[in-house]
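Visitor: Any chance you can model this:
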Amino acid sequence: MSSIRPFRALRPEPAKAALVSAVPYDVVTAAEAAALADGNPLSYLRVSRAEIELPPDTNPYADAVYATAARNFARLRAAAPLVEEVAPTLYLYRLRMGDHTQTGIAATFSVDEYERDVIVKHEKTRKDKEDDRTRHIVELRAQTGPVFLTYPASAAVDKLVANATEGPAARSPLFDFTAPDGVTHTVWPATDDEAAQITAAFEDIPALYIADGHHRAASAMRARHALAGDGQTEGESEADWFLAVAFPHNQMQILPYHRVVKDLAGRTAANLMNGIRAAGITVTPGTDTPAGPGEVAMYLDGAWHRLLLAPAAADAAPADRLDVSRLYDQVLAPLLGIGDPRTDKRIDFVGGIRGPQALSAAVDRGAAAVAFALHPTRIEDVMSIADAGGIMPPKSTWFEPKLRDGLLVHLI
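Guide: Coordinates of the predicted model:
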């Protein structure tokens, strides 16, 4: 079973929601965050990426960054203003991006279940990023951005969500705005009766899966232990729960995560093409978009090529059957000399939201020598690999649309 719990959200007044809300802290660089927050004193990026208000050479993990974040958080609470709900509440959070729509449950979720793997992970985390968000949570005594969860779709939950947002009992949303990136964010508070029914229905959900936000979830766990170690919490407390929005798996949208490599490891373009063919990969002229799984679009020497990857070994682990793994095993490692993709500086990753044109542009301007556009990973593969205790290859999923920070904050 999966536990969800209403919480007393700290949230902006509806008229200020669009100004306060911000993209997740980890999808933009400091320069991009500064540009997005420019001219908007209410932007939540001034809390989640407080280094944008300090000199450009400031270490993002410096004490001054967390002190500035805490100051800006207090200032934002008064200026927006941010108001704390009188009673614990569940929320229904709808994302609309073009023709795609998904509706999730915003609530707090059990840190204990995260530790017991009822909330399943599929990605390794980095200590420096965990340290950063853990300190951010502890300094602010707040989880300021939600974890993005998914769960096996439930007809019972679907019906409850539809009744609350579209049925006869539907009411006007609390928030409803379109962000600068074109994504519409709509949030409804659930009634007490709706919250009770949704909470009960989640008891039949066998597991929850982290889609985006592994570092946020791990940091919420570490913050809970840090606060308990300081004697600040006793027994069950708000720190035993973390903020997240959970969506049914059949509404999730995964975009591809592409690769660009800075050089050809001493090869010529013709030599690389010969090596790819010798590896058992079919190469034909192609477009910038793979037609399906097993295909990769490669941009090299001013042209797009279609690569049909060789099958994985019959005894390969599920994660090794993914296109990102097969591309690494068949081309990136043996022919281009790429080591650990988490640390190798010769490879970079381009989220699918930027489109394949970003790949050809990188090669044409000399920032990369070759680019590879992949087909999206399926959510079913993510879930099955997580169920087996496996780890997804780095940068293999790009979930879109993204949630916004600052709309719903969990005070601990």
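
Visitor: pretty sure Lys124 is touching Pro393, no?
Guide: No. Counting by C-beta atoms under 8 Å, Pro393 is not a contact partner of Lys124; they are 10.3 Å apart. Placement of C-beta: from N, CA and C, glycine included.

Visitor: and the two? which has more neighbours close in?
Guide: Pro393 (22 against 10; other C-beta atoms under 10 Å).

Visitor: Wait, that one touches Leu327, no?
Guide: No. With contact defined as C-beta under 8 Å, Pro393 does not count as touching Leu327 (9.5 Å).

Visitor: now the helices for the protein?
Guide: Taking DSSP state H as the criterion, the chain carries its helices at 17-20, 30-37, 45-48, 63-79, 111-115, 127-140, 155-165, 192-202, 214-229, 269-278, 323-327, 357-364, 379-387.

Visitor: out of those helices, deepest packed?
Guide: Mean neighbours per residue, mean count of other C-beta atoms under 10 Å, is largest over the helices of the chain for helix 45-48, with a mean of 26.

Visitor: Could I have the CA atoms of that helix written out in PDB?
Guide: Extracted in PDB, the C-alpha atoms of helix 45-48 (Å, rounded to 0.1, in the frame of the first residue of the first chain):
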ATOM      1  CA  LEU A  45      14.200  31.200  -8.100                       C
ATOM      2  CA  ARG A  46      15.400  33.800  -5.600                       C
ATOM      3  CA  VAL A  47      14.800  31.100  -3.000                       C
ATOM      4  CA  SER A  48      15.700  28.000  -4.800                       C
END
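
Visitor: can you give me the offset of it from its chain's centre?
Guide: Taking C-alpha atoms, centre = their mean, to the nearest Å, one finds helix 45-48 lying 17 Å from the centre of the chain it belongs to.

Visitor: which helices and strands does that helix pack with?
Guide: Helix 45-48 sits against helix 30-37, helix 63-79, with contacts defined as 3 or more C-beta pairs under 8 Å, 6 or more residues apart in numbering; DSSP states H and E.

Visitor: Does anything pack onto the last one? Which helices or strands?
Guide: Applying 3+ C-beta pairs under 8 Å, 6+ apart, one finds that helix 63-79 contacts helix 45-48, helix 127-140.

Visitor: Any idea what the closest residue to Phe109 other than its chain neighbours is bridged to?
Guide: The shortest distance from Phe109 to any non-neighbouring residue, by C-beta to C-beta, 6 or more residues apart in numbering, is to Ala244 (4.9 Å). Listed by DSSP bridges, the beta-bridge partners for Ala244 are Ala107, Val147.
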